[in-house]
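[1] Sharing a sequence plus its predicted fold:
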Amino acid sequence: MPAFWLIKSEPDVFSYADLTQAGREPWNGVRNYQARNFLRQMQEGDLCLFYHSNARPPGLAGVARVVRAAYPDDLQFDPASEYHDPRSGPENPRWSMVDVAPVLALPRLLPLDELRDLPAWQDSPLTRKGTRLSVFPVTGEQVREALAAVGVALPPAGGSSPA
DNA sequence: GCCAACGTTGGC
DNA sequence: GCCAACGTTGGC
């Protein structure tokens, strides 16, 4: 039974369309412990709602799938990277990443404003004021409601099974 | 271990 | 571009 997550990205930096084009992408650069801990819980096959933050409007753009579970984020070792962490070394990697692949582009962006109106989204790090967490779990009901709002169903690619 | 200063996130 | 909220850093 796959779990469900939400991952944020600024579309100016990396959009869902970019993921579609890339086919697969390491989800690197996460430098927050709570988000990292969620990354480490991800399993291959888990589905991720792909959220566009710092966008107009912000909202859900697509669904992605975890295609590789957590492994060390290579950018932390790269002095030239803005994500370099001098406290981290190959023997004591501090930061993790997963690989994700596109599953489904939503037929239209589902804006944050509409998400706020959905019953299952009343209590979420996304809609809670002041929360900036960029990776967190969502419920199956949240996924179902969000997809229903744009007229699509849970993609079978995630391995969702009937009850 | 406290806490002020600072940096970042992200909606507006 | 503004700014509220929050995480991290570092002096003590």
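    Here it is on my side, so go on.
[2] Point out the residues in chain A that sit beside DNA strand B.
    A:8, A:10, A:31, A:53-58, A:112-113, A:132-134 (C-beta under 7 Å from any atom of the strand). From N, CA and C alone the C-beta is placed, and that goes for glycine too.
[3] List, out of the residues you listed, those positioned next to DNA strand C.
    Within those, those near DNA strand C by C-beta under 7 Å from any atom of the strand are A:Arg132.
[4] now the residues of chain A next to DNA strand B in CSV, with secondary structure and distance to A:Asn92?
    Shown next, in CSV, are those (DSSP: H, G, I helix; E, B strand; the rest coil; distance: C-beta to C-beta, whole Å):
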residue, secondary structure, distance to A:Asn92
A:Lys8, strand, 27
A:Glu10, coil, 29
A:Arg31, coil, 16
A:Ser53, coil, 30
A:Asn54, coil, 32
A:Ala55, coil, 36
A:Arg56, coil, 40
A:Pro57, coil, 41
A:Pro58, coil, 35
A:Leu112, helix, 38
A:Asp113, helix, 43
A:Arg132, coil, 26
A:Leu133, coil, 24
A:Ser134, coil, 23
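[5] can you tell me if the longest strand belonging to chain A touches DNA strand C.
    Using DSSP state E to define each element, chain A has its longest strand at strand A:96-111. No: using C-beta under 7 Å from any atom of the strand, strand A:96-111 stays clear of DNA strand C, with a minimum separation of 13.8 Å.
[6] ok, that strand: who's next to it in the sheet?
    Strand pairing for strand A:96-111, determined by DSSP bridges: strand A:25-26 (antiparallel), strand A:59-72 (antiparallel).
[7] Sounds good, over and out.
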